[in-house]
Structures are given as structure tokens and as C-alpha cells.
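Asks: no FASTA, just this:
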């Protein structure tokens, strides 16, 4: 499973509240990614990191921020959650240059 | 504009037969292609990949074919088994993007 743990696995939150999702890896991979999966859209890249404190935006980054203070942890923050951010969020690491492995996902519901 | 397209939302195949899942892409700068399998409530699982300089890669029951001139790749599963029922995603590295670019997925259903 490439040593990727996402937490929490499920969360229900209210509109306007801040939410932080955590991705933890145990294998010191440099590249980490946050994706969201929505019906009819496949997986879309939110943000990614190429090292400690090195992050950049992906395709659907509006409303999200990330931080990576340690190699093993990549945090995704919704500063003020909206209903459009109800989704399943996946963290991934890039291994061996060409393969990416995913965590189990976090199902987030914003009510 | 979607750069990786999986035009069949679902596919039903009889157990023991061959399953063929198709994927088309528009960005000629993609340099590596991957297939993922996803069960409900789980993360995508890597299946098989192929470099843009190759036209075929095989791993057990799974074979991926790449036709660069047609910008088309396909995943063949033979023989199909009940556990193969899942959503399959085609994805690509490169093309100016910083992460994998995914198709929308094809739901494969293996009928007994």
C-alpha cells in the first residue's frame, strides 16, 4: 500500500468552517499530491509538493491551501468549506519516477 | 478541455472472456501512461503502465497497447474474472501538467 495513510477517513463539516486533511507517508518520497474525485470528473489535481516547503497549485486549487513541513506529512486545508468541496479526497505519492500510489481516501461532506 | 478521454462509462463482459477498455488522449506530450483499478470506498490501485516509446506491455492477465499515431491506448484483461469488476481509470504523466491527468473512468462489470 506504499505506506500512505489519510486521516480522517470520513468527515462531515458545516459550511464556512475550516477543515484540514492529513496525508502521511512512511517511505520518504519526494513528490506528494492531493486529488479530488467527483462523479463525471475522474480525479483532478488540487495541489502537489516536490519537497519540504515546496508546493504548487494544480488544476482545481481555488479554495484550498497546503503545507508540507516534514517529508512524511502533506496537509490539505479548506479555509472556509463550501458545499462544492463535498468530495472524496485522495493523497498520492510518486514512486520510481513513473508510478503513483494512492491512499484510501477521505470522504468529506460539507452541509 | 479533457485531454484523456474514456468514452465508455460502463462495460459488461462475461466471465472468462476478454475485457477491452479504451482510452484516447489529445496531448502528444504525454510520455507515460498508467491504468488504475478502483473499488468503491478504496483508493485507486496501480495496475500497469507503458512508456510512450513502447507499444505493448504485459503483466499476467493484463496487457496495455499504445498506438501513438492514433493517440489511443487500450487495456486488455484476459480471462476476465469476477474480481475484475471495478472502475478503471486511464492516466498520463507529462503534457505540461504537474501531476497525473486522468480520464473519467470506465465501470467494468463481469457477468457470471
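Replies: Yep, that arrived. This structure is a prediction, so every number in the text was calculated from the model and none was measured.

Asks: which ones are touching residue B:58?
Replies: residue B:64 (CB atoms under 8 Å, 6 or more residues apart in numbering or on different chains). Just so you know, the C-beta spots here come from the backbone N, C-alpha and C atoms, and that holds for glycine as well.

Asks: make it 10 Å
Replies: Counting by CB atoms under 10 Å, 6 or more residues apart in numbering or on different chains, residue B:58 touches B:48, B:50, B:64-65, B:76.

Asks: quick one: residue B:14 and residue B:80 touch, right?
Replies: Yes: shown here, residue B:14 and residue B:80 form a contact pair, counting by CB atoms under 10 Å, at 7.4 Å.

Asks: between the two, which one's more packed in?
Replies: More crowded of residue B:14 and residue B:80, by other CB atoms under 10 Å in any protein chain shown: residue B:80, with 22 against 12.

Asks: Now do the contacts for the nearest residue to that one once chain neighbours are set aside.
Replies: Excluding its sequence neighbours, the residue lying closest to residue B:80 (CB to CB, 6 or more residues apart in numbering or on different chains) is residue B:19, at 4.6 Å. By CB under 10 Å, 6+ apart, the contact set of residue B:19 is B:11-13, B:61-62, B:75-81, B:84-85, B:88, B:106, B:108-110.

Asks: Next, find the distance separating residue B:19 from residue B:82.
Replies: From residue B:19 across to residue B:82, the span is 12 Å (CB to CB, to the nearest Å).

Asks: Overlap of the contact sets of these two?
Replies: B:109-110.

Asks: where along chain B do the strands fall?
Replies: With DSSP state E as the definition, chain B shows strands at residue ranges B:4-5, B:10-14, B:19-25, B:30-38, B:45-51, B:56-59, B:62-67, B:72-77, B:86-94, B:101-102, B:106-111.

Asks: export the contacts of residue B:58 to a markdown table and tack on neighbour count?
Replies: What follows is the contacts of residue B:58, written out as a markdown table (neighbours: other CB atoms under 10 Å in any protein chain shown):
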| residue | neighbour count |
| --- | --- |
| B:48 | 18 |
| B:50 | 21 |
| B:64 | 24 |
| B:65 | 17 |
| B:76 | 16 |
